[in-house]
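In: Fold the stuff below for me.
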Amino acid sequence: MRRKTTLLDKQTAAFMYAAQHRSQEYIADILGISQSVVSRLLKDAETEGFLETSVRFLSRKVNPERMREIEVRASPRGMQLAQKLEAVATGSSHGVALHVRILPSASYATSPAAWTHRLEHFGAAAQEIVKALLLDASVVGVAWGATVATVIHQFQVSGVTTARADSPIQFVPLMGEPLGNATSRFSSSRLAIDLDQSLNGGSENSLSLALVPALIPQGFSPVEVKAIRRLISHVRSYQDIFGGREDGGAPWVACLDAIITSVSTAERPLGFDHDNLVRTAKMSRTHLGDAVVGDLCGALIPRKGHEDEVRGMSEFWTGIGLAQIRDCALRSSRQGKSGVILLALGRNKSRVVFEAARQGLVNQLIIDQDLADGIEEICSGLVYTV
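Out: Residues are numbered from 1 along each chain as shown. Have a look, this model is predicted:
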């Protein structure tokens, strides 16, 4: 005789389904009821307001060529913006195909609470696209920042399966730790581990630069900086990433077929380590803004005429450089891989994103409408000079 279900059954089923990502069959087995009864309980829980479900499009079930057709049809403005950016691109971007996706981010508001909501909304919209791009890669470089972290967190919220457990992706942090800031949950090394756990089901296929400062602090002479760099080079993971692997293989940075990153705003290049950059560069914030467009994956993008000055600042940076990012973008385009995946939202990043695209540093541009509007203005020649 079938037993009568209770409110506790309903709430337990909803909890296991939504919070633990258990299948209906598994829940039925634990609660001692049939799968059809579990289905009814979940529908009732949703009606009564303590279960919220979402619908997701499983892009991995569609072949890549058809997926491209779908995305172009669904986002004509993204295709138009890509064409405009390609039209203003410099010679350095030849061979780098640019794919632009414009996603919702709830609003254009910029208060702290609104920004958090925008990030979460954007992350939820972006996570399926980003997951598909990463699953197409074998070696993925990982930057730092709240935008990247939010998208990665959505993998965990949505219950992403360990789709690459049998052929794991190698996740590579591309910058060390910012100094003097409590930002470890957004650090490159932390996010590499999070991606490893979400997509590989463990943490054996991610490296760490937790012992390496992202920026060598001020106050050291050139000789001392050289000595510090020599010390850093003895950190095994740093050597594997930027020098040469212990097994004799090429450094991981030369093997990247995808990079997941965001950009700084024009006002605060290097984000977490901006104040340290100002002190290390020994210049005012205004002068720094005159010299630097912003940063991509921590690498400073110089303004025209300030290349030597920015090259001097970059001597203190221990992470990936623009040349290595460009190599990944070009190599990935030729091999049909994902390449540099740039996630960004907010109009205040327009100039930095535009310049990164113009210089051929981006393959996959995933942005919100606010940022797209800002880039459109720049492409129209209204508000931007390099």
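In: At which residues are the strands of the stretch 251-386 of the chain located?
Out: For the stretch 251-386 of the chain, the strands defined by DSSP state E, counting those that start in this stretch occupy 258-261, 292-296, 299-302, 339-344, 364-368.
In: Which one of those strands lies nearest to Val100?
Out: Ranking the strands of the stretch 251-386 of the chain by proximity to Val100 (CB to CB) places strand 364-368 first, at 4.6 Å. Where C-beta positions appear, they are placed from N, C-alpha and C, glycine not excepted.
In: one step back: could I get the strands of the stretch 251-386 of the chain as a markdown table with mean pLDDT, mean neighbour count and distance to Thr12?
Out: Converted to a markdown table, the strands of the stretch 251-386 of the chain look like this (pLDDT from 0 to 100; neighbours: other CB atoms under 10 Å; distance: least, CB to CB, whole Å):
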| stretch | mean pLDDT | mean neighbour count | distance to Thr12 |
| --- | --- | --- | --- |
| strand 258-261 | 97 | 29 | 37 |
| strand 292-296 | 88 | 26 | 47 |
| strand 299-302 | 90 | 23 | 50 |
| strand 339-344 | 96 | 28 | 37 |
| strand 364-368 | 94 | 26 | 38 |
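In: Including distance to Gly381, could these go into TSV?
Out: Shown next, in TSV, are the strands of the stretch 251-386 of the chain (distance: least, CB to CB, whole Å):
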stretch	distance to Gly381
strand 258-261	27
strand 292-296	17
strand 299-302	20
strand 339-344	21
strand 364-368	20
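In: So which of those strands is nearest Gln154?
Out: strand 339-344 (11.3 Å).
In: so Arg101 sits in a helix?
Out: No - counting by DSSP: H, G, I helix; E, B strand; the rest coil, Arg101 falls outside a helix, being strand.
In: I'd say it and Asp368 touch.
Out: No - if you go by CB atoms under 8 Å, Arg101 and Asp368 don't touch, sitting 10.1 Å apart.
In: related to what we said a few turns ago, so which of the strands of the stretch 251-386 of the chain gets nearest Arg268?
Out: With CB to CB as the yardstick, what comes closest out of the strands of the stretch 251-386 of the chain is strand 292-296 (8.3 Å).
In: Could you list the alpha-carbon positions for that closest one in PDB?
Out: Extracted in PDB, the C-alpha atoms of strand 292-296 (Å, rounded to 0.1, in the frame of the first residue of the first chain):
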ATOM      1  CA  VAL A 292      47.700  53.300 -19.300                       C
ATOM      2  CA  VAL A 293      44.400  52.400 -21.000                       C
ATOM      3  CA  GLY A 294      43.700  49.700 -18.400                       C
ATOM      4  CA  ASP A 295      44.600  46.100 -18.000                       C
ATOM      5  CA  LEU A 296      43.600  42.800 -19.500                       C
END
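In: Can you report how many residues neighbour Glu52?
Out: Number of residues near Glu52 (other CB atoms under 10 Å) recorded here: 9.
In: Could you double-check that it lies in contact with Leu42?
Out: No - using CB under 8 Å, Glu52 is not in contact with Leu42, being 11.1 Å away.
In: gap between Leu361 and Ser54?
Out: Going from Leu361 to Ser54 by CB to CB, to the nearest Å gives 33 Å.
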